[in-house]
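A.B. asks: requesting a structural model of the entry that follows:
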Amino acid sequence: MLSNKRIQELELVMEFEKVEECFKEVSSWIENVGRKGLKEMVNLDDSLEMLLQAQKQFREFDLVASEYCRRGQEALKKMDRWEDFSSVDIHAYKVKLQTYKDQLEEFCTQLDENRHRICETVRLYEFFDKVRQGICCRDEG
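C.D. replies: Below you'll find the model as predicted:
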């Protein structure tokens, strides 16, 4: 039984090394592109027109970012079996795995929050624009 468990652990390490390339690619994109893209969306412009332009740009960014999030989550699913093993030999791999998981979860959460914030801001600006138009039409009438 001990031998079988050790073989399973070695198989997991080999699987981790295959999946780690995906983790590295996703992690690199998040650090070098993703976080910068999210920071650009922090300050939204004051006009509806500019806000709609920012929303369009964010949607393009969101498509790519969501794909990286999906790929990272799929890679993490492949590593779900690690939870059952507590060997000292695989502890370093579990730490790396947790680091990737934390980074991915944080980025995906920020992406969702920005998506929601931009959508709500656009809705609010559209509402105010309709109110402003209604007031102008009423004053003209």
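A.B. asks: would you map the strands across the chain?
C.D. replies: Along the chain, no segments are classed as strands by DSSP state E.
A.B. asks: figure out how far the longest helix along it is from the centre of its chain.
C.D. replies: Secondary structure assigned by DSSP state H gives helix 91-140 as the longest helix of the chain. Its chain's C-alpha centre lies 12 Å from the corresponding centre of helix 91-140 when counted by C-alpha atoms, centre = their mean, to the nearest Å.
A.B. asks: for stretch 33-40, same thing?
C.D. replies: 11 Å.
A.B. asks: next: stretch 63-82.
C.D. replies: How far stretch 63-82 lies from its chain's middle: 10 Å, per C-alpha atoms, centre = their mean.
A.B. asks: what residue lies at the spatial centre of the chain?
C.D. replies: Cys108 (2.4 Å; C-alpha atoms, centre = their mean).
A.B. asks: could you measure from that one over to Gln8?
C.D. replies: Between Cys108 and Gln8 the computed distance is 30 Å (C-beta to C-beta, to the nearest Å). Yep, even glycine has a C-beta here, placed from its N, CA and C like the rest.
A.B. asks: same deal with Lys101?
C.D. replies: Counting by C-beta to C-beta, the gap from Lys101 to Gln8 is 21 Å.
A.B. asks: thanks again, I'm all set now.
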